[in-house]
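[1] Have a look at this prediction, sequence included:
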Amino acid sequence: MNEERREFIKKTSIGFLAGIGVSSGLFLNFLMEKTDASLWSDKTVAGTIRWGMLIDMRKCIDGCQKCVDACRLAHDVPDFGNSSRQIEWLKKSPYSEVFSTSGRDFISTERTKKSIPSLCNHCADPSCVRACPTQALFKRFDGIVALDYHRCTGCRACMASCPYDAISFNWSDPRPAIKTLNDSYPTREKGVVEKCNFCSERLLKGKLPACVDACPEKTLTFGDLNDPKSAIRQLLEKNQTMQRKPELGTLPSVFYII
Amino acid sequence: MKITQRDIVIGLLVLAALVAIGVFWLTVKTEKIVSPTAKVTTIDSTACIAPTEYMRSHHMKILNEWRNTGARDRRPYVTADGKKFQKSLDTCLGCHGSNTYFCISCHQYANAKPTCWNCHLSPLDKPQ
Amino acid sequence: MIENALKGNRPYWIWMTLLLLLIVSGISAYSQQLRLGLSVTGLGDALWGLSIMQFTFMASAAASTLLVVLPLSLHDYKPFGKIVVIAQFLGASASAIALLSLCIDMGKPQLILDLLRYATPYSPYSWAFFLLIGYFLINLVTGWATLGAERKGVPAPTWILPLIYLSIPWAITLPVVTGFVYASFPANHWIASLLALRLLASAYASGTALLLLITFIMKRAAGFDVGREVTDKLVMLLTYAATFTFVLVGVECFASLCGKGLLLQYKNLMVSLTWSSLLLGIASLAVFHVPAWKNSFRHLTAASLGVVLSIFAEKGAALLYLSKGGVVAYTPTMTELSMVLGVLALGTLFLTILLKAVLAVKRAG
Ligand code: SF4
Ligand code: SF4
């Protein structure tokens, strides 16, 4: 390569970089006009509703499976038994799994012996939505992270990127594994993923989520996190609560009182 | 293969165009924020959404559109005469589901195999 | 030029029959998967397995075309003109294998077009899919045009120049984006940026090793010699890339040991995979540095194979992280293995046909 050419490449590259710099400065304003700047500052969700849930473990009865069963029935969730291919929207698991990154040294057994309900957190900054290559997973206007089964290609990128293991995959046809077929919600087919939808089909009819309704102890509180007067906000105000893996910045909408 | 200065300029221009397209793609895709309604909606199946003749030949077109947009577009389907319907298979089945063979008899005759019943419960599968 | 694939000696036909058999067994395994779902694989606790491993390996190996195209087109290093078409066809076939590996891993492959229709810039998976299709087309078209010109004895058409320049940044982006597919695992706290870098380095090492192997095979089987200078240069590039790769893998191992990271906690699988990959890699690397062995055809072949295997094993180790944390044991089933081998055979068949055309042109010229 000769001197002259080298010089030329250097100059054009500098010019090119400068061009990008200038144009991003110039264009940023009008191109990004529609974006709400507050979105970047504190990553809370725009819109006026953000559905959330609070799980009060002081009330939860150990061994009770009413919420889990209600969810299974309401959404035709198949039951593949205790295999590694089990499908779960809502499950109860030990403290060490639900809060796997929280400290466990010298913790009271009161806390650790109970199994804790866990479900999709309907994160305000959901990593699953970002990972999905077909936008089958998307964030709804009301904060619910919804899944369009019609569009899911079964690539499982979402499962790999959800830190809470909230998404399950249909490794085989789910129909034969459904105990009681219920026609209030469609089933899924083999090759798609599925997860909790915060009972959006029941919200549409003005009902509370099935698990919330099913709990005899009122362990679960459901409500609008953006409304300061809602019951869930009152509880959050008065109690010390936890989110799962807050250090990852996904901003879960499900809170726990342990 | 020898590079001339012209080639370099063209290459850089192409790169610049690609970057510009990328930036554009990223920014125009920011979603519009729709104000929510906490209104309770019920499935309305009291009337047909289009004349029988039209539905007979075009139902797959409408259903396919509902299938692609129903989950994320909250606006209802508006018929030619201004009636509004929720984009859901249940809107149809609310009425037609009472005839167990409504869908299947014709599909069988035409040897059409729609994928709807992979997930949605067909009137045949409904628990009695 | 394609018609040359129908002419060949006995070993050629044995080779083709073997590939066809593998393809047929792959197709039958795949039809079983279409019927029964992904339950025919060994997956379950592990989300992604052998086919995604192959995707990662091939997507990055494809990018190594860069190491031939760059010296030739930007630094005017003439000797590489001899193998540039081979490198481009290798790039095209490797991207085809990577794409097919993605497809056989999908739960609903009938929706493959939705990946194009609803593509989103936020998803690394989406990017990888696009880049692979683009890379496949670029390499196939430029390679074919160059070859056609060579056959007619005229210089390559000028319209392929922009495509070739485009392929350079493309080849750098491809392994990086593939790395981001895994770097965004939350178990890695979203910041495993070293992974992308590791993939980039290993891409050039494994791809060049493959290219070297192919030139050896062509020399043995068809008597087409690329010449001492090209081989030496390839070995040099391979040595650089492989050294860098294994330093990075070593860094990862060291960091895990020091930070009591995953490698130490999950002894069995991760440790054995990563360590054996590292040892194999270093052993192969040593061969390239010993002057006496550097000129031996046998030693070089063995060492290149060693690099390829070692890097494939390392891809496996990166995959076994679980998103909720921890590492999972995973044994592929026979069905899965047949599918993956079938895809590999299909890509190899494609490459063989292309290389047959290359040979015909080179011999005539
Ligand atoms: S919990 Fe997982 S599946 Fe639910 S929104 Fe968050 S990242 Fe997505
Ligand atoms: S499995 Fe389905 S929902 Fe999950 S990322 Fe892939 S396409 Fe999206």
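    Done, it's in. Residues are numbered from 1 along each chain as shown, chains lettered A, B, ... in the order given. Ligands and ions are numbered 1, 2, ... in the order given.
[2] Check what pLDDT the residue nearest to the spatial centre of chain A gets.
    Geometric centre of chain A, nearest residue: residue A:122, 3.2 Å, by C-alpha atoms, centre = their mean. Predicted confidence (pLDDT) for residue A:122: 96.
[3] May I ask which helix or strand encompasses it?
    Remark: residue A:122 resides in no helix or strand, with elements defined by DSSP states H and E.
[4] pretty sure residue A:91 is in contact with residue A:120, am I right?
    No: judged on C-beta atoms under 8 Å, residue A:91 makes no contact with residue A:120 at a distance of 11.1 Å. Backbone N, C-alpha and C define where each C-beta goes, glycine included.
[5] What residues does the residue nearest to the centre of chain A make contact with?
    Contact partners of residue A:122, counting by C-beta atoms under 8 Å, 6 or more residues apart in numbering or on different chains, are A:51, A:52, A:143, A:144, A:145, A:196, A:198, A:252, A:253, A:254.
[6] Of those residues, which belong to helices?
    Assigned to helices by DSSP state H, none of the contacts of residue A:122 qualify.
[7] Of the residues you listed, which is the nearest to ligand 1?
    residue A:145 (3.9 Å; C-beta to the nearest ligand atom).
[8] Is that closest one in contact with residue A:120, as I believe?
    Yes: counting by C-beta under 8 Å, residue A:120 is a contact partner of residue A:145 at 6.5 Å.
[9] on that earlier part again, pLDDT-wise, what's the bottom of the contacts of residue A:122?
    Ranking the contacts of residue A:122 by pLDDT, residue A:143 lands last with 90.
[10] Helices of the chain, start to end?
    Using chain A. A:3-31, A:38-41, A:66-74, A:95-98, A:109-113, A:127-131, A:157-161, A:200-203, A:210-214, A:231-238.
[11] wait, I meant chain C there
    Under DSSP H, chain C gives helices at C:10-36, C:50-62, C:65-73, C:84-105, C:114-117, C:124-152, C:160-183, C:193-222, C:228-258, C:262-265, C:272-289, C:291-294, C:297-319, C:334-364.
[12] Show me what the fourth one is packed against.
    Helices and strands touching helix C:84-105, as assessed by 3 or more C-beta pairs under 8 Å, 6 or more residues apart in numbering or on different chains; DSSP states H and E, comprise helix C:50-62, helix C:65-73, helix C:124-152, helix C:193-222, helix C:334-364.
[13] Return the most buried member of those.
    Compared across the helices and strands packed on helix C:84-105, helix C:50-62 shows the largest average neighbour count, a mean of 27 (mean count of other C-beta atoms under 10 Å in any protein chain shown).
[14] What would that one look like as CSV? C-alpha coordinates only.
    This file holds the C-alpha atoms of helix C:50-62, laid out as CSV (Å, rounded to 0.1, in the frame of the first residue of the first chain):
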residue,chain,number,x,y,z
LEU,C,50,-26.0,-30.2,20.0
SER,C,51,-27.7,-28.3,17.1
ILE,C,52,-27.2,-24.9,18.7
MET,C,53,-23.6,-25.9,19.4
GLN,C,54,-23.2,-26.7,15.7
PHE,C,55,-24.9,-23.4,14.9
THR,C,56,-22.4,-21.4,17.1
PHE,C,57,-19.4,-23.3,15.7
MET,C,58,-20.4,-22.9,12.1
ALA,C,59,-21.6,-19.3,12.3
SER,C,60,-18.3,-18.3,13.7
ALA,C,61,-16.2,-20.6,11.4
ALA,C,62,-17.9,-19.1,8.4
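[15] how about it against chain A, any contact?
    No: figure legend: helix C:50-62 not in contact with chain A (C-beta under 8 Å from any C-beta of the partner chain); closest approach 9.1 Å.
[16] Mind giving me the packing neighbours of that helix?
    helix C:84-105, helix C:124-152, helix C:160-183, helix C:193-222, helix C:297-319, helix C:334-364.
[17] Give me the distance between stretch B:83-96 and the centre of its chain.
    Remark: stretch B:83-96 is offset 14 Å from the chain centroid, using C-alpha atoms, centre = their mean, to the nearest Å.
[18] now do stretch B:96-109
    22 Å.
[19] Break chain B down into its structural domains.
    B:1-35, B:52-119 (automatic domain parsing).
[20] where's residue C:58 relative to chain B, distance?
    24 Å (C-beta to the nearest C-beta, to the nearest Å).
[21] cool, and residue A:258?
    Distance, residue A:258 to chain B, using C-beta to the nearest C-beta: 31 Å.
[22] where's the nearest residue to that residue once chain neighbours are set aside relative to residue A:89, distance?
    Counting by C-beta to C-beta, 6 or more residues apart in numbering or on different chains, residue A:57 is the residue found nearest to residue A:258 once chain neighbours are left out, at 5.1 Å. Residue A:57 is 19 Å from residue A:89, where distance means C-beta to C-beta, to the nearest Å.
[23] low pLDDT regions in chain B?
    Counting by pLDDT under 70, chain B has low-confidence residues at B:1-3, B:23-43, B:127-128.
[24] mind listing the helices in it by residue range?
    Assigned by DSSP H, the helices in chain B fall at B:5-28, B:52-69, B:89-96, B:102-110.
[25] Return the set of buried residues in the last one.
    Think helix B:102-110. B:102, B:103 (16 or more other C-beta atoms under 10 Å in any protein chain shown).
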